[in-house]
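J.: structure here, sequence nowhere to be found:
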């Protein structure tokens, strides 16, 4: 039997949102016009997000600037020109990040970062989907019930 998402250990969608190239324009649409309860995340005024439960159906919705996504994956502000530029990010919380990461590697996925511990306590593996989304499997302790 071919291994599916259940064997990767997906528990829930941890977060979703557009990857932005113009923070002002995106803020205007999502916060001002659509009225989403977006707030700056700490001192980062271009990363606007909701808190868990503020937006029903999504534990974490955020406008993630492309430069910050590039910094997260490659340690620089520019997205590499030899890779598709993602339009959105989607993150799945998993039972075990090491098992999920190995499962992705075993299926031939090229990982942008692999089981990295972030300063805020999240463990994450990032890769591009066939559609060009910036996908992640992660362990996000504060989002778990």
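T.: Looks like it came in fine. Nothing here was measured: the structure is a model prediction, and the numbers come from that model.
J.: list the contacts of residue 62.
T.: If you count contacts by C-beta atoms under 8 Å, 6 or more residues apart in numbering, residue 62 has them with 15, 17, 38, 41, 47, 48, 49, 50. Placement of C-beta: from N, CA and C, glycine included.
J.: in three-state terms, label it for me.
T.: Put simply, residue 62 is strand when judged by DSSP: H, G, I helix; E, B strand; the rest coil.
J.: and it, bridged to which residues?
T.: residue 49 (DSSP bridges).
J.: where along the chain do the strands fall?
T.: Using DSSP state E, the strands of the chain run over 10-20, 39-41, 44-49, 62-65, 88-94, 111-117, 123-128, 134-139.
J.: partners of the second one in the sheet?
T.: By that I understand strand 39-41. According to DSSP bridges, strand 39-41 forms sheet pairs with strand 44-49 (antiparallel).
J.: now do the fifth one
T.: The sheet places strand 88-94 alongside strand 10-20 (antiparallel), strand 134-139 (parallel), with pairing taken from DSSP bridges.
J.: contact partners of that strand?
T.: 5, 8-19, 60, 64, 69, 100, 124, 129, 133-140, 143-144.
J.: where does the prediction get shaky in this structure?
T.: Low-confidence segments of the chain, defined by pLDDT under 70: 1-6, 145.
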